[in-house]
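>>> Here is a sequence with its predicted model. Questions after.
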Amino acid sequence: MRLDPRLGLPALMLSLCLVACGKHGGEASASQSANPVVVGKPHSGGELVFAFDGASLTQFALDPHKSAFAPHARVIRSIFDSLVVLLPGHRIGPWLAKSWEISPDGLSYTFHLRDDVKFHDGTRFDAVAVKFNLDRIKEPKNALYALSDIGGYQASRVVDDFTLRVEFAQPYAPFLANLSKSSLGIVSPAAVQKYGDQFPLHPVGTGPFRFTSMAPGTEIALERNPDYQWSPSGAAHNGPAWLDRLTFKNVPEEATRVAVLENGQAGAVDLIPPQNLVQLRTSTKFHLIERELLNHNYSLYLNSRREPWSDERVRKAFRLSLDVDAAVKTIYLGTARRAWSPLSPSLLGYDASLEGGWKQDRAAAKHALDDLGWKPGPDGIRVKDGKRLTVSFLDAQGNREKRLDLITIFRRQLHDSGFDLKIDSESLGAWIEKTQSGEFDLVAGSLFAPDPDVLQRIYASGRPTLLSIFKGADPELNHLLEAGSQALTDDERVHLYQQAQRLIVDKTYSIPTYVLIYSVAAANRVQGISVDAHGFPVLSDAWLQ
Amino acid sequence: MLRRILERVLVSLGVIFGAVTLIFLVLNWLPGDAATLVAGDDASAETIAHVRAKLGTNRSLGAQYRSYLAGLVHGDLGTSYVTREPVVSRLAAQLPATAALTLAACSVAILLGVGLGVLSALNHGRWFDQVVQAVSLFWVSMPSFWLGILMILIFSVRLGWLPVIGDGGLLPSVLPVLTLGMVVSVPLQRMVRDGMLEGLHEPYVTTLRAKGLGERRIFYVHVLRNALTPTVTLLGVLVGELLSGAVIIETLFARQGIGRTTVEAITQKDMPVVQGAILIASVSYVLVNLLVDLSYNWIDPRTRLATSKGTR
């Protein structure tokens, strides 16, 4: 659920994207626009101003382990490297780790690290540094968001300077995919010790760009790391970034982002609103880079712990009232696909057989509600035992990505069947309190993650966290999700997650809406920008004509 | 006069103290727990308890309030819950941008408001007056957000005269200052125009005319001065409008500012930051209104007389 308004938000709120790749994912879902792009030979030099949607942020927190907020992660990716990189097709490639072995029981990972890597502060990257990073995340007192990415991590043993063995209490299949996230980027232990609480304002990593300065809330200035020789596998070039300087500008208003692209104040901007995407596709001055953000799709969750939503038939009637295709088409103008599964299509285990699995059927919805004793009242809203069929929709993110517009269309569709949807807008703090206590009928959100294990964060009822916005308790689903996070082969995992997806859709535990596409628009003088398999921008290969 | 200023200062301190106390109570009463927000998605109860102890939110309300006031007296506004920065430096980084924006917008509003108000009154009922009234009605009815986008499209994208974003510097400030200033100028313009039109029918104008004073002098010296008293009062009220309008303008033009900082801090329940921002807002509000009060002495001799009588 991607609530924008804060720095260290639950990842859940964050939204966008995750790691990637599906059997037919990865390549298939990534698309570079067909605009005529002038090509040439990449060369060094110049400054790129990248205007990003930083939401209402007025202070940046550039600690990868602490910031679960997608806009921060987009900047963090340029400053911090990871041990491994996610490649299309669910493959994991080497980065700061040259190779690794996993023990047959899945409990221990041995990483062989590069021996030629330095942090921006000149200190050495080695096994001790990686151990420091993982232990830092595990320490509860540090209260770091990345904790949710390391599962049952127990301890790290330094075998030699550049070999590290990482041990788990139970097998944790998402580990490698999670390691490729920027949230497990490697920070400089020396800098963490030096800056303490202030590290997020003085980020030091090993990445292609190093931090130079920030203007709180508006600008983050980076410069090329001239020593960089450790690009991830799959990168367009190995070696230092082409750009001398990379400046991120936080431009939260979408119309303003488009304006600064058009008037030349920015070379590239992200998260383009649908109406402008349509326009830019045919532009000869700008080009688009778009890619699916790996994530749990933005979905609606009825509170199945509360009457009447605890009854599966009422949830079904609710869903049958919706025309998701029409709503998504109206709001996103064909720039986003309609979602059928909770998982975005490029995630491991995506079940394509769910596509086209149900369609709007108002007559059936009305019939079911009549049978259940919900009769239309004088104003068309159904009533049973004096209680109106009201759906209180709890929201804290406002209209980011036009999500409230989407809900408004659903509201009209639901009204036809006799549901009365009311929007309850709250601050993030209140939203969390109410989702925790279950004081709502409906919530909606997305969550970015590189692995189908994201389902466990939302639907598992055993150990509720802030992300557990699914309020039901289904032992079968719990079992599938737990087994999925521990299974040792991809085939086994795919099988388990497909069953889980079907269960979620069959029982109407959630209603997926659309597949989020991350977009960057760039002036043609700016070349080489790409979006990685997670759906985050890669700027180390960008160059200016 | 001195005594009057002293009285006003004391009352102002009371107002500020009240505002700070009220916001402290309201924020605590609102649902949500800063520690949960800071601790992370997967935080255990133990971690959350640890964060609460670190932030000091595990103490009783009374204890939190006392330590806040104690800090305040020493000029210490506390530390942000979320970013662990001293609130003073967090706000100090954002204050200059907001101060520059609101002061410049206020000047624009006064120039436009009084200027157009006087000209409209002079040209009462003629085309100039009608155009000004129509445009200002349109301007004040549209959301400032939308007006800002319109300005960007015309002056930046289409004509290419002005940049849209940029901290500091004169050029990037033109559009935000104009947008905010024009919105705030409308009520001033109305007040000046109506005040002058009414003033022209007052008996004292007839007296002045009978004494042989020139129309120009009557208009600019006597009638304008009379119209200014309520206008200045209104200006004091409009400071609130400027500050809240700044939030929208700061977001639209991607500028730094106290407004955005406050909104963000409220959603995060970052109490020390919100309280610091409210303190700044209430101090500026009180200061402006103090100046407004004092300016009556200069604008309206009757209040001067009343004061000196009172002090005697």
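All right, it came through fine. Keep in mind it's a predicted model, so treat the numbers as computed, not measured. Residues are numbered from 1 along each chain as shown, chains lettered A, B, ... in the order given.
>>> which secondary structure element contains whichever residue of the stretch 301-450 of chain A sits closest to chain B?
Residue nearest to chain B within the stretch 301-450 of chain A (Cβ to the nearest Cβ): residue A:429, separated by 1.9 Å. (C-beta placed from N, C-alpha, C; glycine too.) In the assignment (DSSP states H and E), residue A:429 maps to helix A:428-437.
>>> Likewise for residue B:77?
Under the criterion DSSP H and E, no helix or strand holds residue B:77.
>>> Now do it: how many residues are near it, please.
Residue B:77 sits with 22 neighbouring residues when counted by other Cβ atoms under 10 Å in any protein chain shown.
>>> Which SSE is immediately downstream of the lengthiest helix in chain B?
In terms of residue count, the longest helix belonging to chain B (DSSP state H) is helix B:87-122. Downstream of helix B:87-122, the next assigned helix or strand under DSSP H and E is helix B:127-141.
>>> Okay, buried residues for that following helix please.
By neighbour count on 16 or more other Cβ atoms under 10 Å in any protein chain shown, the buried set for helix B:127-141 is B:129, B:132-133, B:136, B:139-140.
>>> Switch those residues over to TSV; also include distance to chain A and pLDDT.
Below are those laid out as TSV (distance: Cβ to the nearest Cβ, whole Å; pLDDT from 0 to 100):
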residue	distance to chain A	pLDDT
B:129	34	91
B:132	28	91
B:133	29	91
B:136	24	89
B:139	19	85
B:140	21	83
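>>> of all those residues, which comes closest to residue A:95?
Lowest distance from residue A:95 to the buried residues of helix B:127-141 (Cβ to Cβ) belongs to residue B:139, with 54.9 Å.
>>> so who does the closest one touch?
B:147, B:182-183, B:186 (Cβ atoms under 8 Å, 6 or more residues apart in numbering or on different chains).
>>> got a winner among those for most neighbours?
In terms of neighbour count, residue B:183 stands highest of these at 25 neighbours, by other Cβ under 10 Å.
>>> so which helix or strand takes in it?
helix B:171-199.
>>> In chain B, what residue comes closest to chain A?
Taking Cβ to the nearest Cβ, chain B has residue B:32 as its residue nearest chain A, at 1.9 Å.
>>> contacting residues for the nearest residue to that residue once chain neighbours are set aside?
Excluding the flanking residues, the one nearest residue B:32 by Cβ to Cβ, 6 or more residues apart in numbering or on different chains is residue A:429, at 1.9 Å. Contacts for residue A:429 (Cβ under 8 Å, 6+ apart) come out as B:30-34, B:36-37, B:267-269.
>>> Mind checking which of those residues are buried?
Neighbour-count burial (16+ other Cβ under 10 Å) applied to the contacts of residue A:429 gives B:32-34, B:36-37, B:267-269.
>>> in chain B, which spans are strands?
Counting by DSSP state E, chain B has no strands at all.
>>> Can you pull up the most central residue in it?
Centroid check for chain B by Cα atoms, centre = their mean gives residue B:239 as the closest residue, at 2.8 Å.
>>> Kindly report the same for chain A.
residue A:448 (2.1 Å).
>>> Tell me the pLDDT of the nearest residue to residue B:192 once chain neighbours are set aside.
Among residues not flanking residue B:192 along the chain, residue B:117 sits closest, at 2.7 Å (Cβ to Cβ, 6+ apart). Looking at residue B:117, its pLDDT reads 91.
>>> Which residue ranges make up each domain of the chain?
I'll assume chain A. A:9-292+A:518-544, A:295-515 (automatic domain parsing).
>>> that's the wrong chain, I meant chain B
Using automatic domain parsing, chain B is parsed into the domains B:2-73, B:88-310.
>>> Please work out which of those domains is packed deepest.
domain B:88-310 (a mean of 19; mean count of other Cβ atoms under 10 Å in any protein chain shown).
>>> gap between the helix or strand just after the helix holding residue A:429 and the chain center?
Next helix or strand after helix A:428-437 toward the C-terminus (DSSP H and E): strand A:442-448. Strand A:442-448 sits 11 Å away from the centroid of its parent chain (Cα atoms, centre = their mean, to the nearest Å).
>>> same question, stretch A:442-459
Offset of stretch A:442-459 from its chain centre (Cα atoms, centre = their mean): 9 Å.
>>> Just the buried residues of stretch A:129-147, please?
A:129-134, A:137-138, A:140, A:142-147.
>>> What segments of the stretch 301-450 of chain A are helices?
Secondary structure of the stretch 301-450 of chain A (DSSP state H, counting those that start in this stretch): helices at A:312-320, A:324-332, A:362-371, A:403-417, A:428-437.
>>> list the buried ones in the last one?
Along helix A:428-437, these residues count as buried under the neighbour rule (16+ other Cβ under 10 Å): A:428-435.
>>> what's near enough to touch residue A:308?
Applying Cβ under 8 Å, 6+ apart, one finds that residue A:308 lies in contact with A:314, A:372, A:374, A:384, A:389.
>>> From these, which land in strands?
Judged by DSSP E, the subset of those located in strands is residue A:384.
>>> With neighbour count and distance to residue B:42 added, can I get the contacts of residue A:308 in a markdown table?
Shown next, in a markdown table, are those (neighbours: other Cβ atoms under 10 Å in any protein chain shown; distance: Cβ to Cβ, whole Å):
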| residue | neighbour count | distance to residue B:42 |
| --- | --- | --- |
| A:314 | 22 | 32 |
| A:372 | 15 | 38 |
| A:374 | 24 | 39 |
| A:384 | 15 | 39 |
| A:389 | 24 | 36 |
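>>> re earlier: and the helix holding residue A:429 with strand A:442-448, angle?
Relative orientation of helix A:428-437 versus strand A:442-448 (axes from the mean of the first three to the mean of the last three Cα atoms, to 10 degrees): 110 degrees.
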